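# Dropping a prediction and its sequence here:
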Amino acid sequence: MINRRAFLACLAAAPGLAAAPAFAATPRIAATTGMIADIARRLTGAPAGAEVTALMGAGMDPHGYRPTRTDILALSRADVILWHGLNLEAQFTDVMADLARQRTVAALADALPADRLLADPEYADRPDPHVWFDPTLWSLVAQEGARVLTAAGFDTTAATEAYLTEAKEIDAYSRTVLDSVPEPARILVTAHDAFSYFGRAYGWQVEGIQGISTDSEAGLARIAELVDLLVTRGIKAVFVESSVSDRTIRALIEGAAAQGHDVAIGGELFSDAMGADGTYEGTWLGMIDHNVTTIARALGGDAPPRGMSGKLAAGT
């Protein structure tokens, strides 16, 4: 990992920085997160329509991620650079401002209406960036992606329509299976506070041990508070996250056990990163399908084991 000064020095020496790159036979798009890369791939028909590189892969936490030298090369070669924004990739802010002088750079979620965003409880002037957990909001992010990519010369009309249709389908599926969970059990407890948009969209109580950023500390008082919640409400399952350590979740389970209440790990959720490349769970649609199916089944709801359309990996 390198700091911004070293990043810019390397970027200045990389080929293609002096001027905005001319599109190659296969245009190159660099995206920070897997979710943003998924929009780019779907809307451009990648790999045939464009070469899309995601800087952060499965299991990577964007909150504290710092660009590497490999990232520098991908960014310097890209015709279009897409990132999430809303302070999610905080270490990229200055770098993206510099890159924007040379080529198309767009923070897609920054285009969302302010009145649709939730605030970070720890920083009133910062929005919660985890908007991909509300399909209606993510549809707006995809439409902003379509606008940017169309302006850059891509034909996204048919692909955008298909993507938005899938967003409506997963929203309807999510509502059905989550509503099948008994109402007293509709409490989602996870390692960090990434699921507030999910809670707002589907009427669930959401509790994270850490704050919105994984850089925040999980205090003993917060763990004790959540242990009491699990015990008094009789919650049977909590969830680990693919991009966050399970240490604090296991502390919750041990704390509940000390009070005579058994709590299980209901499954692993994708929070700040999707599943492995090349899998259904490695797409935004599969990520959401996996999460809502896992949550519903673990907390007493009725959801098919292989998800909305039978594509989830066995054992979800």
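Yes, it's here.

# Where does pLDDT dip in this structure?
The chain contains residues with pLDDT under 70 at 1-24, 211-218, 315-316.

# burial measure for D289, as a count.
Other residues near D289 come to 26 when the count uses other C-beta atoms under 10 Å. (C-beta placed from N, C-alpha, C; glycine too.)

# mind checking the SS state of the residue positioned nearest the centre of the chain?
Closest to where the C-alpha atoms of the chain average out (C-alpha atoms, centre = their mean) is D272, at 4.0 Å. Here D272 is recorded as coil under DSSP: H, G, I helix; E, B strand; the rest coil.

# tell me the contacts of H290?
269-270, 275, 281, 307, 312, 316 (C-beta atoms under 8 Å, 6 or more residues apart in numbering).

# doesn't D61 fall inside a strand?
No. Applying three-state DSSP, one finds D61 to be coil, outside a strand.

# That one - nearest residue in space that isn't next to it in sequence?
Leaving aside its chain neighbours, D61 sits nearest to S243 (4.6 Å; criterion: C-beta to C-beta, 6 or more residues apart in numbering).

# and the one you found, what element?
Using DSSP states H and E, S243 falls within no helix or strand.

# how about it, what does it touch?
59-61, 214, 270-273.

# isn't V95 right up against P67?
Yes. Taking C-beta atoms under 8 Å as the definition, V95 is a contact partner of P67 at 6.5 Å.

# Tell me the secondary structure of R126, please.
strand.

# what's around it, how many residues?
Residues near R126, counting by other C-beta under 10 Å: 16.

# can you pull the contacts of it?
R126 neighbours (C-beta under 8 Å, 6+ apart): 86-87, 119-120.

# let's go with 7 Å and repeat that
If you count contacts by C-beta atoms under 7 Å, 6 or more residues apart in numbering, R126 has them with 87, 120.

# Please report the distance of it from P67.
21 Å (C-beta to C-beta, to the nearest Å).

# Same check on A264?
38 Å.

# same question, P304
Taken as C-beta to C-beta, the span from P304 to P67 is 40 Å.

# Please apply the same query to A74.
Distance from A74 to P67, by C-beta to C-beta: 9 Å.

# try T294
From T294 over to P67 (counting by C-beta to C-beta), the distance is 32 Å.

# Confirm that A313 lies within a strand, as I assumed.
No. Under three-state DSSP, A313 sits outside any strand and is assigned coil.

# Next up, the contacts around it.
E281.

# picking up where we left off before, which residue of A74 and P67 possesses the greater neighbour count?
P67 (24 against 20).

# tell me the SS of the more buried one?
On the basis of three-state DSSP, P67 is classed as coil.

# Walking through the stretch 151-300 of the chain, point out its strands one by one.
187-192, 205-210, 237-241, 264-269 (DSSP state E, counting those that start in this stretch).

# can I get those strands in CSV with distance to A31?
CSV is the format used below for the strands of the stretch 151-300 of the chain (distance: least, C-beta to C-beta, whole Å):
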stretch, distance to A31
strand 187-192, 23
strand 205-210, 26
strand 237-241, 21
strand 264-269, 22
